[in-house]
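J.: from the sequence below, what's the structure:
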Amino acid sequence: MPVLWIVLAVLGLGLIGYFVGRSRALGSAGGDIRQLHSLPSYYGWNAFMFTVVPSLIVLALWLLFAPTLIENRIAATLPQATLEQSGSTSLLMSEVRRAADALDLAVQQGTMDDAFSRNLRAEFTDVTGRLKATGSIITQDVTQPVLRAAQQYRVMSSTSNLIMSVLVVVLAVVGLIYALLRTNRDFRARNTVEIGIKSILILASSIAILTTLGIVLSMLFETANFFDQYPWQSFFFGTKWAPDFRGNSALGMLPLLWGTLYISTVALLVAVPIGLFAAIYLSEYAGPRLRAVAKPMIEILAGIPTIVYGLFALITVGPFLRDAIASPLGLGNNTNSVMTAGLVMGVMLIPFVSSLSDDIINAVPQSMRDGSFGLGATQSETIRQVVLPAALPGVVGAILLAASRAIGETMIVVMGAGAAAAQMDQGLGAIINPFQAMTTVTVKIVSQLTGDTDFASPETLVAFALGLTLFVITLGLNVLALIIVRKYREQYE
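T.: Numbers count the residues shown, from 1 in each chain. Here you go, the predicted structure:
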């Protein structure tokens, strides 16, 4: 049974439970609401909650863990020679999944019988050609071990889905019966529902935390695999970036880190003053009519796709900076440069700073402004000495958000700053030249994971080390912002 139909069946049982539970509670009180401990709707929501929530949690956990367990079990049955030939277990299982999906598609299209698809032999049948004919993405010939594993994967997945469907529906029915049996006029349905809502909120926050933990752990494991093959000293302190999938790669991160910080700094030097001044004007000086027009127009910048910003940098800003500044001053003839990407990225970040800062400044109590005016301060003095210090935590948060967005940007950098890593051995002048082409960590993460590459090679695994480095940098920015906020908050508490 498809997952959608399972969810609809569970929700349908939940709706039945809601109305039956409500009616059952009223019936136990003889139709007199005053004799009920809780409002009738609470009894309905109690039945809905016991019917839907546990079954959907089981469904989510099954969908999350069952595929991994099936893949691990199938991988254990594959010949060691096949695993070595594919390069890694994950790549081989990706091939198995593609073959299994192609077999399912062939059965759906009617080109294969289901029983026939479970007994194919790669050495007797043109399996690869028949599967490619379905429109599936089959990148290489399907060997007999892969075909056997794909057939086993289909059987185990089908069995798993059947067990999952039955278990989820049975659990929903049991929850419905349990809730209805407890429903009477003395049952404290409101307390139960409120506890359930609190549990759901805790679960939601736990999912967010566990997701972050999962991301970090996945990067840590792959980063550990990378450092098993490449020395960490050469990665963290290397001044040359020259990956080569044939071997003898130089994977020093300093050129990429310098390009990331340089471009992000230029972007923030553009975005922070303009965004903050715009927020101050809109919140403290502009009238309601101007504010109603100006703020949405500024926020439109946040909705423009980054590829459009990249085209703007490539076609307009880059040539202008080259012809107007770089070439006359002898600083270079590149349209791709740090300044090009930094300026365009800074424009993109303006609404991140202005909108959040504007909301925070408007949240400062008017009584603080009135007190300042009462003491004889001018409007500019009030903004500088009262409003901005009180809004500092929010302003720091806005700047931090902009900085994180700048560090993680890719498309503008590719089209505005180029894809060449900074050459740390060309002297200080070339390193700090803002009209020199540079690239960032995020761009190289994409390039190292793109194409038909060996996933187990250090040239590919370095992407995870770079990603973990960015994570640590962002975490450091958060900690620094927290320290600043706590320091200045003490003056106003």
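
J.: for D358, which non-adjacent residue is closest in space?
T.: Of all residues not flanking D358 in the chain, A279 sits nearest, at 4.0 Å (C-beta to C-beta, 6 or more residues apart in numbering). Where C-beta positions appear, they are placed from N, C-alpha and C, glycine not excepted.

J.: pLDDT weak spots in the protein?
T.: Applying pLDDT under 70 to the chain picks out residues 1, 80-92, 104, 106-143, 421-427, 429-430, 451-456, 485, 488-493.

J.: now do the strands in it.
T.: Remark: strands assigned in the chain by DSSP state E are 241-242, 250-251.

J.: re the thing from before, assess the claim that the residue nearest to D358 and A363 are in contact.
T.: No: here A279 lies out of contact with A363, judged by C-beta atoms under 8 Å, at a distance of 11.9 Å.

J.: quick one: Q448 and F464 touch, right?
T.: No: proximity of Q448 to F464 does not meet the contact threshold set by C-beta under 8 Å, at 9.4 Å.

J.: report the set of residues contacting both of those two.
T.: With contacts taken as C-beta atoms under 8 Å, 6 or more residues apart in numbering, not a single residue reaches both Q448 and F464.

J.: ok, the nearest residue to Y43 once chain neighbours are set aside to T442 distance?
T.: With sequence-adjacent residues excluded and distances taken as C-beta to C-beta, 6+ apart, Y43 is closest to A25, at 3.7 Å. In this view, A25 and T442 are 56 Å apart by C-beta to C-beta, to the nearest Å.

J.: one more: R384?
T.: With distances taken as C-beta to C-beta, R384 is found 37 Å from T442.

J.: so which of the two has more stuff around it?
T.: When neighbours are counted by other C-beta atoms under 10 Å, R384 and T442 differ, and T442 comes out ahead with 21 against 13.

J.: for the closest residue in space to the more buried one that isn't next to it in sequence, give me its contacts.
T.: Setting aside the residues directly before and after it, T442 is nearest to T410 in space (C-beta to C-beta, 6+ apart), at 4.5 Å. Residues near T410 by C-beta under 8 Å, 6+ apart: 306, 440, 442-443, 446.

J.: backbone dihedrals for T410, please?
T.: phi -120, psi -50 (degrees, to the nearest 10).

J.: returning to what we had before: just the buried ones from the contacts of T410, in ChimeraX syntax?
T.: Buried residues within these, by 16 or more other C-beta atoms under 10 Å, are selected in ChimeraX with:
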select :306,440,442,443
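
J.: narrow the contacts of T410 to those in helices?
T.: 306, 442-443, 446 (DSSP state H).

J.: can I get stretch 351-371 in PDB, CA atoms only?
T.: Below are the C-alpha coordinates for stretch 351-371, written out as PDB (Å, rounded to 0.1, in the frame of the first residue of the first chain):
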ATOM      1  CA  PRO A 351      17.100  42.700   3.100                       C
ATOM      2  CA  PHE A 352      18.500  40.100   5.500                       C
ATOM      3  CA  VAL A 353      20.000  42.900   7.600                       C
ATOM      4  CA  SER A 354      17.400  45.600   7.000                       C
ATOM      5  CA  SER A 355      14.200  43.600   7.600                       C
ATOM      6  CA  LEU A 356      15.400  41.900  10.800                       C
ATOM      7  CA  SER A 357      16.900  45.100  12.100                       C
ATOM      8  CA  ASP A 358      13.800  47.000  11.300                       C
ATOM      9  CA  ASP A 359      11.600  44.600  13.200                       C
ATOM     10  CA  ILE A 360      14.000  44.600  16.200                       C
ATOM     11  CA  ILE A 361      14.200  48.400  16.300                       C
ATOM     12  CA  ASN A 362      10.400  48.700  16.200                       C
ATOM     13  CA  ALA A 363      10.200  46.300  19.100                       C
ATOM     14  CA  VAL A 364      12.100  48.700  21.400                       C
ATOM     15  CA  PRO A 365       9.500  50.100  23.800                       C
ATOM     16  CA  GLN A 366       8.300  53.600  22.900                       C
ATOM     17  CA  SER A 367       8.600  54.500  26.600                       C
ATOM     18  CA  MET A 368      12.400  54.400  26.200                       C
ATOM     19  CA  ARG A 369      12.300  56.900  23.400                       C
ATOM     20  CA  ASP A 370       9.900  59.200  25.300                       C
ATOM     21  CA  GLY A 371      12.100  59.100  28.300                       C
END
